[in-house]
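Asker: Quick check, what structure comes out for this input:
(one chain, ligands or ions: 2)
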Amino acid sequence: MLNLILFGPPGSGKGTQAKFLVEKYNLLHISTGDLFRYEMGNDTPLGLKAKEYISKGELVPDEVTIGMLKNKVNANPDVEGYIFDGFPRTIPQAEALDAFLQEKDESINQLIALDVDDNEIVQRILQRGKTSGRADDNDESIIRNRIEVYNAETSIVYGHYDTKGLANKISGIGTIEEIFERLCLVIDDIC
Ligand code: AP5
Ligand code: MG
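Answerer: Ligands and ions are numbered 1, 2, ... in the order given. Predicted coordinates:
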């Protein structure tokens, strides 16, 4: 299996690039943000709980997120690998993911981080907010809070995989095609 973590701040292009990567490498894209939005759209108990946090740009509690992620993986065992997008976002999530994959004799092959500066992120997300309908995309203070939460709680996950020699950073600035090529170079190197 090829198990990748697509990492980076909000709006760095994880979802955009994952769509292309799943086609080229035949992987399953798992975005915890997309899973939460699906639950919120259906007003499920999980969705209502997640909304309390997402609307403020805060992280949904680990136990809720980890449980949802495991269910999604377990429901899709017959794949050639996973692209985790927006997960793990905390050290407990990273540790839970490592242990969960290990139970399946699997592991993370590579974390790839997209490096994009804060101003570009805010512009991209505000632009998307005009049409996305996402409650966390329209208000600049909520977007800035998402970036702060990323810096405070999520960015250290890079080090968790870097110490194992499994992390890589590329520039997330440029055209979508240019960034895709950069990602493919990293992935082809480990395949
Ligand atoms: P999530 O849905 O994961 O949002 P995010 O990480 O904030 O990132 P985005 O989805 O906004 O951006 P992206 O990196 O996917 O970029 P995209 O490709 O869309 O999470 C939302 C919330 O859910 C969290 O805040 C949290 O509350 C909760 N949550 C989710 N996972 C969780 C977890 N594990 N634990 C706890 N809570 C969790 O691109 C952005 C925009 O830029 C698009 O409009 C795109 O068209 C454009 N764009 C893309 N590439 C380029 C480019 N090269 N040049 C110009 N524009 C570009
Ligand atoms: Mg996304």
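Asker: Show me which residues of the protein are close to ligand 1?
Answerer: Residues of the chain found near ligand 1 (C-beta under 6 Å from any ligand atom) are 8, 10-16, 31-33, 36, 53-54, 57-60, 65, 86-87, 89, 93, 124-125, 128, 136, 146, 174-176, 179. Any C-beta I mention is one placed from the backbone N, CA and C, and that applies to glycine too.
Asker: Please produce a PyMOL select command covering the buried subset of these.
Answerer: Buried residues among the residues of the chain next to ligand 1 (16 or more other C-beta atoms under 10 Å), as a PyMOL selection:
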select buried, resi 8+10+11+12+13+14+16+31+32+33+36+53+54+57+59+60+65+86+87+89+93+124+125+136+146+179
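Asker: So which of the residues of the chain next to ligand 1 are in helices?
Answerer: 14-16, 32-33, 36, 53-54, 65, 93, 124-125, 128, 146, 176, 179 (DSSP state H).
Asker: Of these, just say which sits nearest to ligand 1.
Answerer: Relative to ligand 1, the closest of those is residue 33; by C-beta to the nearest ligand atom it sits at 1.8 Å.
Asker: show me what contacts the closest one?
Answerer: Listed by C-beta atoms under 8 Å, 6 or more residues apart in numbering, the contact partners of residue 33 are 15, 54, 85-86.
Asker: mind putting the residues you listed in JSON lines, pLDDT and distance to residue 106 included?
Answerer: Below are the contacts of residue 33 laid out as JSON lines (pLDDT from 0 to 100; distance: C-beta to C-beta, whole Å):
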{"residue": "15", "pLDDT": "98", "distance to residue 106": "23"}
{"residue": "54", "pLDDT": "98", "distance to residue 106": "29"}
{"residue": "85", "pLDDT": "98", "distance to residue 106": "17"}
{"residue": "86", "pLDDT": "98", "distance to residue 106": "19"}
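Asker: Much appreciated, bye for now.
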